[in-house]
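>>> Have a look at this prediction, sequence included:
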Amino acid sequence: MKTGEPAVRIETGPARAEVTALSWDTEGTGREKINLLRPGAMVELHIRIADRWRNGIDLPTRVETDARGERTYWVEVAPGTEINWRILAAGGRLSMQFGGVGVGLRHITGLELIFPFNARVTATTILPTVWQADGKVCSPLLINAPDFGQLLVSSQPEKTLTARLEGDYPRRAVDLILELPQPRDGQDLRLDFTPAYLPKPADVSDDAMWRLARRGWFGALAPLSDNLNEEWTIQGKQLKVRDLHAPGMLGNEVISGNATCSTWMYADHVFWIPELSAGISAADLLRRTLDQTLKVRLGADGSLVSYWMPNAVGAYSDFLDSQPSIIIAAWDYVETTDDRKWLAQVITQLETIADFLIRRDVDGDGLIEAVQSGNRGTLSDPRRGCSWWDALNSGHKDGYCNALIYRAWLCLADLEIKVGRAEAAGRYREAAERLNVAFTRSLWSEANGWFGWWRSADGQLHDPASPLINAMAIEYGMVTPEKGREILGRLQKKMKKVGFTRFDLGVPAALVPIIKQDYLQGIPAGSCGVPGREDGSDTFGQYMNGGIHAGHTLHFLAAHYVAGEPEFADQILRAMLERQQLGLFQNGVWGESPRGTEWTTWDGNPSGADGYLADNFRFLAAILLREPELRKRFYRPLNPAAALTQAACLPAEPSHSVVRVETGPARVPGASQAIEQHVGDNNV
């Protein structure tokens, strides 16, 4: 194998029907040396004879190996009756063929191929053509092993394969189970596992950047497995936690769950490339996520369950960023698909969510207040902060939440125009304008020349010199580009002053320590960034105490592009892309602080708990946001005049362009193909 060419590594049993090691690397960087299967586990063929399931490794087996290295297992299921399983890996591709001979085949009532993936290595998941109501999926499908690459699984004959994805968080286990058709004498089934790539979007100008990003792009898309079945009382109803975190929803990681406050992050990623392959739609997964959220998590008053945690918190509904998350995600979905029928069905629910926010402006100044006070020393476990940043004692007038709410109301105004509700559009646009005025009035630090993070109920401004909060205000047009350049210049000087240089990691959330009373209380010092010292200096740079989360660096990069200063952003982005190509923004699913590299310290040491977090990969969207025409599309609702003009010109039905997903390896004769899929003009 040459460097840069895809590779598949497979090791098979010498005497039993099993695969003892399996891995791949679509970019040829050598990662196929790492086994993706769980220790001691193997890919197995399970056979149901009458009503009893048998493991193929327990049945009499003869093995044949030809000169090409193709191995065939002949598994005896009854006297004179055998199932055969052929395996061939060559040129970066993997093929398997299944058949049977003998009169006893009629007694075989089920055949399954089980892949026992190790989530400790990476959070392997699937992206299918259809995710059915019963949790099963249909082929073709993509197996997505973040930082290893994607394999397109197809079958011959076509449409003869279904599958399911089962997870077990305590064991860090993911089982992909392919349900094969009943074998018939002389009729074989062929499965092809082909390296798949996203071609460079037409408007992306830098080929080298895209090549570094194309494998990692899928990291932000983590459909959930079927892994949670506990019952809980949610929104006054007795529901299974599985309903909150249904299989196929986009989430944190394959064996974890979906946080409502994060849905907008996945949706923004889907916006750029909604179709991943022929018939494999990220937009469909986004709609599935939104439908399940609106069905199960939405209260009659517009409250939203953000997450379920297996402790005293249970179903948590006090994240103020959950409401804007769903509105923004709905805009992303409609903008990419022009699915106005769906929009008409959910518009009143979106208004209910938006009106919940309006009622939370408790003092009438235009900013939306969280239920958390944000006063020092008031946040104690198991309670959490007001947003995704739940370890911070942010509350009351929170800059992160209000920047999202500003964008969400303008997105909703844009959606209202699409369904002919101009009066409602005007109401939400007016609310956004009032919020923007109040944002500066409440959060601006005259002493520092930038925005603080939150103003607590006691009137104090909490200002940890946050690149994130300021970047979001600049990115979303809440300040002029000129003012944005001034703010960014001050933040760059602050970075130099405090000695931050590791831009390959991203950018810290804060440039000065979060004091102890502004952090979560009731957890031992040192865990999850909790300070022991009053000034927060002992854990500074860990987790949410000024740690680095690559995903949120996207806003800092975008702010520079919006403000007209791309050079510094490009410098950071190129450094991060090189690190991402090495697979260093995640280290599998851990759930142990501080083992996870989804957060790092300023010197690159792990300071997170998850290990893998889908949010982390969204910084890759900066490759598209650096392009002026693409920024114009993405931020259109934030320019009301442009939004109204665009709405008046929208066609009743989307026209079509072509997105191609290539499968490889391209350098192996006869082993490459291009898949074309017609999608709406909003695709890149």
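The structure has been received and is ready for your questions.

>>> So residue 112: helix, strand or coil?
State at residue 112, reduced to three classes by DSSP: H, G, I helix; E, B strand; the rest coil: strand.

>>> can you pull up the bridge partners for it?
residue 46, residue 179 (DSSP bridges).

>>> Tell me where the stretch 351-500 of the chain has helices.
399-418, 422-443, 467-475, 481-498 (DSSP state H, counting those that start in this stretch).

>>> can you put those helices in TSV and add mean neighbour count, mean pLDDT and distance to residue 355?
Heads up, the C-betas are built off the backbone N, CA and C, glycines and all. Shown next, in TSV, are the helices of the stretch 351-500 of the chain (neighbours: other C-beta atoms under 10 Å; pLDDT from 0 to 100; distance: least, C-beta to C-beta, whole Å):
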stretch	mean neighbour count	mean pLDDT	distance to residue 355
helix 399-418	26	98	10
helix 422-443	18	98	10
helix 467-475	27	98	23
helix 481-498	16	98	31
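
>>> can you redo these as TSV with distance to residue 327?
Compiled in TSV, the helices of the stretch 351-500 of the chain are given as follows (distance: least, C-beta to C-beta, whole Å):
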stretch	distance to residue 327
helix 399-418	4
helix 422-443	9
helix 467-475	16
helix 481-498	24
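
>>> I'd like to know which of those lies nearest to residue 296.
helix 399-418 (20.6 Å; C-beta to C-beta).

>>> where's that closest one relative to the chain centroid, distance-wise?
When distances are taken as C-alpha atoms, centre = their mean, to the nearest Å, helix 399-418 is centred 21 Å away from the chain's centroid.

>>> Who are the packing partners of that helix?
helix 322-337, helix 340-359, helix 422-443, helix 467-475, helix 640-649 (3 or more C-beta pairs under 8 Å, 6 or more residues apart in numbering; DSSP states H and E).

>>> With distance to residue 569 added, can I get those helices in a markdown table?
Output for the helices and strands packed on helix 399-418, formatted as a markdown table (distance: least, C-beta to C-beta, whole Å):
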| stretch | distance to residue 569 |
| --- | --- |
| helix 322-337 | 22 |
| helix 340-359 | 31 |
| helix 422-443 | 23 |
| helix 467-475 | 10 |
| helix 640-649 | 23 |
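
>>> so which of those gets nearest residue 366?
For residue 366, the closest of the helices and strands packed on helix 399-418 is helix 422-443, at 3.5 Å, according to C-beta to C-beta.

>>> what angle do the closest one and helix 399-418 make?
Here helix 422-443 runs at an angle of 170 degrees relative to helix 399-418 (axes from the mean of the first three to the mean of the last three C-alpha atoms, to 10 degrees).

>>> Alpha carbons of helix 422-443, in PDB - could you do that?
Extracted in PDB, the C-alpha atoms of helix 422-443 (Å, rounded to 0.1, in the frame of the first residue of the first chain):
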ATOM      1  CA  ALA A 422     -45.400  38.000   7.600                       C
ATOM      2  CA  GLU A 423     -46.900  39.400  10.900                       C
ATOM      3  CA  ALA A 424     -45.300  36.600  13.000                       C
ATOM      4  CA  ALA A 425     -42.000  37.200  11.100                       C
ATOM      5  CA  GLY A 426     -42.000  40.800  12.000                       C
ATOM      6  CA  ARG A 427     -42.700  40.000  15.700                       C
ATOM      7  CA  TYR A 428     -39.600  37.700  16.000                       C
ATOM      8  CA  ARG A 429     -37.400  40.100  14.000                       C
ATOM      9  CA  GLU A 430     -38.400  42.900  16.300                       C
ATOM     10  CA  ALA A 431     -37.600  40.700  19.300                       C
ATOM     11  CA  ALA A 432     -34.200  40.000  17.900                       C
ATOM     12  CA  GLU A 433     -33.500  43.600  17.300                       C
ATOM     13  CA  ARG A 434     -34.400  44.500  20.900                       C
ATOM     14  CA  LEU A 435     -32.200  41.600  22.200                       C
ATOM     15  CA  ASN A 436     -29.200  42.900  20.100                       C
ATOM     16  CA  VAL A 437     -29.500  46.400  21.700                       C
ATOM     17  CA  ALA A 438     -29.700  44.900  25.200                       C
ATOM     18  CA  PHE A 439     -26.800  42.500  24.500                       C
ATOM     19  CA  THR A 440     -24.400  45.400  24.300                       C
ATOM     20  CA  ARG A 441     -25.900  47.400  27.000                       C
ATOM     21  CA  SER A 442     -25.800  44.500  29.500                       C
ATOM     22  CA  LEU A 443     -22.600  42.600  28.500                       C
END
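
>>> Just give me the neighbour total for residue 572.
20 (other C-beta atoms under 10 Å).

>>> angle of the helix or strand hosting it against helix 481-498?
Using DSSP states H and E, residue 572 falls within helix 566-581. Helix 566-581 and helix 481-498 are oriented at 60 degrees to each other (the same axes, to 10 degrees).

>>> Buried residues in helix 566-581, which are they?
569, 570, 572, 573, 576, 577, 579, 580, 581 (16 or more other C-beta atoms under 10 Å).
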